[in-house]
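Student: Here's a sequence, model it:
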Amino acid sequence: MMIVVKWLRIMRYHSIRMLRSSQGASKISLGIVFGFLPCWYPIFGVGPFISIGLTKWVKGSIAGSIFAAAVGTVLWPIFFYMNVITGNWIMKLAYLLHIYSGDIAVGGAGWLQVWLRTGLNFTIGAILNSILFTLLGYWIWIWIIQRFRPQLLQMARPRRRCIERVQSES
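Tutor: Predicted coordinates:
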């Protein structure tokens, strides 16, 4: 329970820091989008560092990058499933259009062929999803930040009633 409370406190801190910064919606959006970008790939713990490096490279908001990397770490199983489904859909489309032949591109037989095909589906899905969600997410986050920044900031701040309740219990 304490880990969840600590994690929520850190998330709230970074969301307030991100929304209160004097940076424009474009820089905050770049930070969020490039914070999510490594979450599409299985990079086993170095995702937040890659997120911060990419965000510094494009001159985005570091607080937005940390916020998105933390959320993306929790959502990794959903992203993995989306990658496999998207890759499978693209491979079926390519097979129907006679661009791809499953026997030529993925060798082996039985379980090996199934594993190789799933890996190929995952890779194609990860590349497509990361590009698509980065481009769409950038414009969506700009719109959300420009339109709802004061409301989001008010939601992220701790409520006075909750603070008084915690102080009275201790």
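
Student: Now for this structure, the helix or strand with the poorest mean pLDDT.
Tutor: In the chain, the helix or strand scored least confidently by mean pLDDT, DSSP states H and E is helix 102-105, which has a mean of 52.

Student: Past that helix, which element shows up next along the chain?
Tutor: Reading on from helix 102-105 to the C-terminus, the next helix or strand found by DSSP states H and E is helix 111-156.

Student: orientation of the strand or helix carrying residue 9 relative to helix 111-156 in degrees?
Tutor: In this structure, residue 9 is located in helix 2-20 according to DSSP H and E. Relative orientation of helix 2-20 versus helix 111-156 (axes from the mean of the first three to the mean of the last three C-alpha atoms, to 10 degrees): 70 degrees.

Student: pLDDT on helix 2-20, on average?
Tutor: Mean pLDDT, helix 2-20: 79.

Student: quick one: low-confidence parts of the chain?
Tutor: Applying pLDDT under 70 to the chain picks out residues 1, 98-115, 158-170.

Student: phi, psi of the residue nearest the centre of the chain?
Tutor: Residue closest to the average C-alpha location in the chain (C-alpha atoms, centre = their mean): residue 36, at 3.0 Å. When read as degrees, to the nearest 10, the backbone of residue 36 gives phi -80, psi -30.

Student: ok, it touching residue 66?
Tutor: No. If you go by C-beta atoms under 8 Å, residue 36 and residue 66 don't touch, sitting 11.6 Å apart. C-betas here are computed from N, CA, C, even on glycine.

Student: what residues do these two have in common as contacts?
Tutor: Both residue 36 and residue 66 are in contact with residue 51, where contact means C-beta atoms under 8 Å, 6 or more residues apart in numbering.

Student: now residue 62: how far from residue 34?
Tutor: As judged by C-beta to C-beta, to the nearest Å, residue 62 and residue 34 stand 10 Å apart.

Student: err, residue 119, not the other one
Tutor: Residue 119 is 25 Å from residue 34, by C-beta to C-beta.

Student: Of these two, give the one with the bigger neighbour count.
Tutor: Shown here are residue 119 and residue 34; by other C-beta atoms under 10 Å, residue 34 has more neighbours (27 against 13).

Student: Helix, strand, or coil at that one?
Tutor: helix (DSSP: H, G, I helix; E, B strand; the rest coil).

Student: List the contacts of it.
Tutor: Residue 34 touches 51, 54, 55, 58, 60, 65, 68, 134, counting by C-beta under 8 Å, 6+ apart.

Student: Repeat that for residue 36.
Tutor: 51, 68, 69, 71, 72, 133, 134, 137.
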